[in-house]
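> Coordinates only, no sequence provided:
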């Protein structure tokens, strides 16, 4: 059994939303690079790669189910996000919006009695729990830091140690030498 038209359209819309998320995080990474916060830039670049991977996972799923994946236009993300705290508050808020989108997709799959789609979407539901937790922890740490520049640099260094998930491919260059 293939995807219903409604579910195919909704998943294609989520592909668009995941690509937007990727672009949003890359724009945030650019701001952090410009503000000499390479660890935060690195963390956000990995987020970019993860969101791109999520988009491809959904794109491939539509094709695997005999549907037709579509490439839809995305809005341009903002270029400025305020302080590091404000930036990561936006990350947390954005992840909460994505969670709501995934939950709506799951509800549609349940309404359509599409068990395969429900199983596939469970991976995304679990992923969103992790995404919201991670963003929330960074927001909490930035609130504790306040105006302490040394603590901000320590957090930046910690975020720079984040490792990409296996299977995400090579990490795009960040301007730092591997030598």
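Yep, that arrived. The structure presented is a predicted model; accordingly, all values stated were derived computationally and were not measured.
> Could you pull up the residues touching the nearest residue to residue 125 once chain neighbours are set aside?
Setting aside the residues directly before and after it, residue 125 is nearest to residue 102 in space (Cβ to Cβ, 6 or more residues apart in numbering), at 6.0 Å. To be clear about C-beta, it is placed using only N, CA and C from the backbone, and glycine gets the same treatment. If you count contacts by Cβ atoms under 8 Å, 6 or more residues apart in numbering, residue 102 has them with 14, 121, 124, 125, 128.
> and residue 59, how many residues sit next to it?
For residue 59, the count of nearby residues is 19 (other Cβ atoms under 10 Å).
> Show me which of the contacts of residue 102 is closest to residue 74.
Nearest to residue 74, judged by Cβ to Cβ, of the contacts of residue 102 is residue 14 at 12.1 Å.
> Secondary structure element holding the closest one?
Following DSSP states H and E, one finds residue 14 within helix 5-34.
> Can you give the distance from that helix to the centre of its chain?
Averaging C-alpha positions (Cα atoms, centre = their mean, to the nearest Å) puts helix 5-34 7 Å from its chain's average.
> what comes up buried for it?
7-8, 10-33 (16 or more other Cβ atoms under 10 Å).
> Got phi/psi on residue 76?
With angles defined as degrees, to the nearest 10, residue 76 sits at phi -70, psi 130.
> Now do it, the pLDDT please.
We have a pLDDT of 97 for residue 76.
> show me what contacts it?
residue 23.
> mind running it again at 7 Å?
Going by Cβ atoms under 7 Å, 6 or more residues apart in numbering, residue 76 touches no other residue.
> mind listing what the residue nearest in space to the middle of the chain touches?
The centroid of the chain falls nearest to residue 51 when counting by Cα atoms, centre = their mean (4.0 Å). Going by Cβ under 7 Å, 6+ apart, residue 51 touches 18, 21, 22, 25.
> tell me which element it is part of?
helix 38-64.
> quick one: the residue nearest to the centre of the chain and residue 72, what's the gap?
15 Å (Cβ to Cβ, to the nearest Å).
> what do you get for residue 7?
16 Å.
> What ranges in the protein fall below the confidence cut-off?
1, 166-179 (pLDDT under 70).
> tell me the angle the helix holding residue 51 makes with helix 5-34.
160 degrees (axes from the mean of the first three to the mean of the last three Cα atoms, to 10 degrees).
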